[in-house]
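> need coordinates for the below:
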Amino acid sequence: MNEVQHITDANFDEMIVKGGKPALVDIGATWCGPCKALEPSIAALAKEYGDRVTVGKLDVDEAPKIAQQFGVMGVPTVIFMKNGKEVYRFVGTQSKERIADLIQDHLL
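Numbers count the residues shown, from 1 in each chain. Alright, predicted model coming up:
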């Protein structure tokens, strides 16, 4: 799927942990300006890497359990997971190119 997936507390395990592909999870909120600024990059990455990586968006207000489970203290937080385990994260915004480089580093 080459589009950003809507991730919730209910579907997180199925979509991300047991999904069979590495996953990039953008954790944000509708009221967060930097989160909105990051959305076009995340959407572009989903189009570019969606066949190899599950790209998902999780709203902290809709999925507080997962946000708490991962100790999210600020948004946006972007977590890359492989085999159901966190490989890296960053808080704040990054360029699409920088995020793509991080994805590439962990797809090998």
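> Ile42 reaches Gly50, doesn't it?
No. If you go by CB atoms under 8 Å, Ile42 and Gly50 don't touch, sitting 11.1 Å apart. Where C-beta positions appear, they are placed from N, C-alpha and C, glycine not excepted.
> mind checking which of those two has more residues around it?
Set Ile42 next to Gly50 and count neighbours by other CB atoms under 10 Å: Ile42 wins out with 21 against 17.
> so when I look at that one, I'm seeing a strand, right?
No. Ile42: not assigned to a strand; according to DSSP: H, G, I helix; E, B strand; the rest coil it is helix.
> which non-adjacent residue is nearest it?
Asp26 (4.8 Å; CB to CB, 6 or more residues apart in numbering).
> what's the burial count for that neighbour?
Asp26: 25 neighbours (other CB under 10 Å).
> shouldn't it be within a helix?
No. Per three-state DSSP, Asp26 lies outside any helix segment and is strand.
> show me the beta-bridge partners of it.
Lys57, Val78 (DSSP bridges).
> who's in contact with it?
Val4, Cys35, Leu38, Glu39, Ile42, Val55, Gly56, Lys57, Leu58, Pro76, Val78 (CB atoms under 8 Å, 6 or more residues apart in numbering).
> contact partners for the second one?
Listed by CB under 8 Å, 6+ apart, the contact partners of Cys35 are Asp26, Gly28, Ala29, Val75, Pro76.
> mind listing the strands for this structure?
For the chain, the strands defined by DSSP state E cover 5-7, 23-28, 54-59, 77-82, 85-91.
> average pLDDT for the second one?
Averaging pLDDT along strand 23-28 gives 98.
> okay, the angle between that strand and strand 54-59?
Using axes from the mean of the first three to the mean of the last three CA atoms, to 10 degrees, the direction of strand 23-28 lies 20 degrees away from that of strand 54-59.
> same check on the last one?
Angular relation of strand 85-91 and strand 54-59 on a 0 to 180 degree scale: 60 degrees, by the same axes, to 10 degrees.
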